[in-house]
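Asker: sequence first, then the predicted structure, then my questions.
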Amino acid sequence: MPIRLHDSLTRELRELTPAHPDGIFRFYNCGPTVYAPAHIGNFRTFVVNDVLRRLLELEFGADKVKHVRNLTDVDDKTIRRAREEGRPLGDVTRQWTEKFHADCAALNCLPPHAEPRATDPQFLKEQVNMIEVLMERGNAYRAPDGSVYFKVSSFDNYGRLSRVKERELQPGSALKAAAADADEKEDGSDFALWKAWKSDDGSNKWTGPRGAAPGRPGWHIECSAMSKAILGETIDLHTGGVDLLFPHHENEIAQSECCNGVQFSRHWYHSEHLLVDGKKMSKSLGNLYTLDDLKAKGFSAMAVRYALLMGHPRKQLNFTLDSLHAAESAIGKLKALADKLILAAQKTEADFYDSTTILRRNPDPISDFSPLGLDALKDDLNFPAALGALFTDRKALDLGGKSVLAKAEFHSLAKTVFVLGLDLHRTIATNAPPAITALAEKRWAAKLAKDYAGADASRKELTAAGWAMLDGKDGYKLEPLKK
RNA sequence: GGCGCGGUAGCCAAGUGGUAAGGCCGAGGUCUGCAAAACCUCUAUGCGUCGGUUCGAUUCCGACCCGCGCCUCCA
């Protein structure tokens, strides 16, 4: 079964295939702006893309997928943050890049094969080159202040992706948008390719395209330039959150196709927004969560990943603390299933997560056993259906001592779990404070001494402090109390 | 106003022209110093409302109601 994915341009499911003769599937995923910690809405998109990338590797081979995700390290927000903190721009973006990488690792997202930065001299040059070509071709013009704008009217296909021509701009927003640089632009819908230096930009300025003032690249051009530099003029897939559909991706198409004269991306995919408590996350509503916020509430990063997989990626997903509890419990059950299969198949935990075996190309009748849930993933990334298949299988599972069946089931689960990127054995964060740990030790000692009254007293204290102590055979586990 | 998505059990959420996956929660049970965990069993005559098409609709069509998102900062 081929991988089929919704295409935002044609609005239908289309098979994903590599176009290049080398068989390498090239895909570009718009990355974060590094000026603050990413929130879980951002991570929904990155997790969706991570599953997609894993699925592609399973389908085409680990060495046949090239996944690029950029880092926007210069824009109004990064510059403002640096100015407010009185630090060099590079320091600020480096700090938040590191944080982003740490969060991605915690969420078990594979690093992309390339992660270009907008201010990297190599790519800055690429951006300037593209702008110069666009100016030469009459698709861009220099504004009075030395900025360069893309002339939207010069590209007939403008608006095909977002159907912007069918939209009627709300008077209010159109006016607001036009206000900022109305004097510079020839037309309200034109967008900046190069922004001339202003005093607010401080020391952050670079040599611009010929004829333009020193300044910095506009936001949209970085993706066009870096995609071209790393993946080539035509790529197989370009992805991002729905909010990037317009204007960002529309503008990328315009720039790239006017500059290169060929199709920019063969396929477009957009994942929907994550809602929190039924609303889009925003600082003003106070419903914006970062990974650290949720960790502080005692949830594991893996539960967050699972919760992000609970809805279809092209539908808005309502995220709540309750759904995190549900995720944490569900992971526990899958872990128990994995442990059971590891035992039955006489394998180890390391075998279960061995991606080399999972992605091995040579056919193997056992490990090629059709993994449950995989078809659902290949059918437009239907996460809930895939998870459902896993649990349905879990119920039907009757190993009955048959090791062949156990091995097939083991490989099946390992494959699907790999694609979903769930590290089942990395769950509850037991970062209990020292006082809690000491109390738990005290109770454990009392229990071993059969001082049950003392043990119960300590349990009461732990409960009061919000911690559950789960006794095992040879030790205990501390978990934050559920609700 | 324009464009788009959605309304399925207490919550989250798949899905199909032929009579509703799965997870959480809850209830009961097995087990167990206690408490959990784990495991087993149960939980929508119903899929926003009203019409239409059909032998049959939650699934197709129409109208309406409600929610959410986007409309040039935004994953």
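Answerer: That came in fine, so what should we check first?

Asker: CA atoms for contacts and neighbours, from now on please.
Answerer: Fine.

Asker: and the gap between A:E84 and RNA strand B?
Answerer: Distance, A:E84 to RNA strand B, by Cα to the nearest atom of the strand, to the nearest Å: 17 Å.

Asker: give me the buried stretch members for the helix or strand hosting that residue, please.
Answerer: If you go by DSSP states H and E, A:E84 is part of helix A:76-85. Residues of helix A:76-85 classed as buried: A:78-83 (neighbour count, 16 or more other Cα atoms under 10 Å).

Asker: stretch A:438-456 now?
Answerer: Result for stretch A:438-456 [16+ other Cα under 10 Å]: buried residues A:439-440, A:443-444, A:446, A:454-455.

Asker: check contacts around A:N204.
Answerer: Counting by Cα atoms under 8 Å, 6 or more residues apart in numbering, A:N204 touches A:79, A:89, A:215-216.

Asker: correct me, but A:N260 touches A:T234?
Answerer: No - contact criterion Cα atoms under 8 Å: A:N260 and A:T234 do not qualify, at 9.0 Å.

Asker: remind me which helix or strand the closest residue to A:V417 other than its chain neighbours belongs to.
Answerer: Excluding the flanking residues, the one nearest A:V417 by Cα to Cα, 6 or more residues apart in numbering is A:D423, at 7.7 Å. Assigned by DSSP H and E, A:D423 falls within no helix or strand.

Asker: quick check, pLDDT for A:D423.
Answerer: In this model, A:D423 is scored at 91, pLDDT.

Asker: got phi/psi on it?
Answerer: Main-chain dihedrals, A:D423, degrees, to the nearest 10: phi -100, psi 90.

Asker: okay, it and A:N260: tell me how far apart.
Answerer: Going from A:D423 to A:N260 by Cα to Cα, to the nearest Å gives 42 Å.

Asker: more neighbours, those two?
Answerer: A:D423 (21 against 15; other Cα atoms under 10 Å).

Asker: touching, the more buried one and A:N108? I think so.
Answerer: Yes - between A:D423 and A:N108 there is a contact under Cα under 8 Å: 7.2 Å.

Asker: residue numbers of the stretch 351-483 of chain A in contact with RNA strand B?
Answerer: Residues of the stretch 351-483 of chain A lying close to RNA strand B (Cα under 7 Å from any atom of the strand) are A:382, A:384-392, A:395, A:447, A:452-453, A:455-456, A:459, A:468-472.

Asker: which entries within these meet the buried criterion?
Answerer: A:382, A:384-387, A:389-391, A:455, A:459, A:468-469.

Asker: quickly find the element holding A:Q95.
Answerer: Applying DSSP H and E, one finds A:Q95 within helix A:89-106.

Asker: again, but for A:Y28
Answerer: Going by DSSP H and E, A:Y28 is part of strand A:25-29.

Asker: skipping adjacent residues, who's closest to A:L387 in space?
Answerer: A:G373 (6.7 Å).

Asker: so who does A:I253 touch?
Answerer: Applying Cα under 8 Å, 6+ apart, we find A:I253 in contact with A:224, A:264-265.

Asker: brain fart, A:R216
Answerer: Taking Cα under 8 Å, 6+ apart, one finds A:74, A:194-197, A:204-208 in contact with A:R216.

Asker: for A:H39, phi and psi?
Answerer: When read as degrees, to the nearest 10, the backbone of A:H39 gives phi -100, psi 170.

Asker: and for the spatially closest residue to it that is not a sequence neighbour, the neighbour number?
Answerer: Counting by Cα to Cα, 6+ apart, the nearest residue to A:H39 once its immediate chain neighbours are dropped is A:T290, at 4.2 Å. Neighbourhood size, A:T290 [other Cα under 10 Å]: 18.

Asker: let me see the contact set for A:T290.
Answerer: Contacts of A:T290 (Cα under 8 Å, 6+ apart): A:37-40.

Asker: thought A:M135 was touching A:A143?
Answerer: No - with contact defined as Cα under 8 Å, A:M135 does not reach A:A143; the gap is 11.6 Å.
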